[in-house]
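Asks: Take this sequence and fold it.
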Amino acid sequence: MKSATVANIRKELKHKSNDELTELCLRLSRFKKENKELLTYLLFEADYEAGYIETIKAEIDEQFDQINTSSFFYIKKSVRKILRNTKKYIRYSLNKETEVELLLYFCKKLKAMTPSISKNTTLTNLYNRTILAIKKKVKNLHEDLQYDYNLELEDLK
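Replies: Purely as a prediction, here's the structure:
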């Protein structure tokens, strides 16, 4: 089955009643966990972005605490998973400040982790790529925010 374009879906949704739209959303939420997470964000957390950021930071803390540090193989797998989840939560928000804030927090946790990431090339490269991505995102923000985030970036170097 070929899926319809977003424009076609938008046109079709305009012809649906509120009850039909509600039913479609509930049905959509049953199929994928990400759909349900996105609906949860839009309905309950989109109005209070600071609370959403704190919730994600707490989840990042929890995930870093659960990392198996017995070998760098397990550390790399876990760190990649944490970054993948963080980027998923960033996609829900679509807010550039939230993106920079969460990626900065991820880098701080990664840098503070023991054993040090400097002993592993892959983790060091992941860290450096994330820092470069943050720098690109910061350039698109307001000047005051750029200054604040650049100060935090300098602390990470």
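Asks: show me where this structure has helices.
Replies: With helices called from DSSP state H, the chain shows them at 6-14, 18-29, 33-40, 49-65, 72-93, 96-112, 121-138, 143-156.
Asks: Residue 147: how many residues sit nearby?
Replies: Neighbour count for residue 147, taken as other Cβ atoms under 10 Å: 11. To be clear about C-beta, it is placed using only N, CA and C from the backbone, and glycine gets the same treatment.
Asks: coming back round to it: of the helices of the chain, which stretch is the most buried?
Replies: Among the helices of the chain, helix 96-112 has the highest mean neighbour count (mean count of other Cβ atoms under 10 Å), at a mean of 19.
Asks: any idea how far that helix is from the chain center?
Replies: 9 Å (Cα atoms, centre = their mean, to the nearest Å).
Asks: Residue numbering should commence at 564 henceforth.
Replies: I'll keep to 564 as the first residue from here, and by that count the last item is helix 659-675.
Asks: counting contacts, what elements does that helix pack onto?
Replies: Judged by 3 or more Cβ pairs under 8 Å, 6 or more residues apart in numbering; DSSP states H and E, helix 659-675 is in contact with helix 612-628, helix 635-656, helix 684-701, helix 706-719.
Asks: elements contacting the second one?
Replies: Taking 3+ Cβ pairs under 8 Å, 6+ apart as contact, the helices and strands that helix 635-656 lies on are helix 596-603, helix 612-628, helix 659-675, helix 684-701.
Asks: how does it look with 6 Å?
Replies: On a contact count with 3 or more Cβ pairs under 6 Å, 6 or more residues apart in numbering; DSSP states H and E, helix 635-656 meets helix 659-675.
Asks: and the helix it packs on, what's its mean pLDDT?
Replies: If you average the pLDDT over helix 659-675, you get 95.
Asks: for stretch 713-720, same thing?
Replies: Here the average pLDDT along stretch 713-720 is 87.
Asks: contact partners of it?
Replies: When contacts are defined by Cβ atoms under 6 Å, 6 or more residues apart in numbering, stretch 713-720 is touched by residues 667, 670.
Asks: For it, what is the distance to the chain centroid?
Replies: That offset, for stretch 713-720, works out to 20 Å (Cα atoms, centre = their mean).
Asks: Would you mind writing the CA trace of it as CSV?
Replies: Extracted in CSV, the C-alpha atoms of stretch 713-720 (Å, rounded to 0.1, in the frame of the first residue of the first chain):
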residue,chain,number,x,y,z
ASN,A,713,28.5,29.5,23.8
LEU,A,714,29.6,30.0,27.4
GLU,A,715,28.4,26.5,28.2
LEU,A,716,30.1,25.1,25.1
GLU,A,717,33.4,26.7,26.2
ASP,A,718,33.0,24.9,29.6
LEU,A,719,32.7,21.6,27.7
LYS,A,720,36.0,22.0,25.9
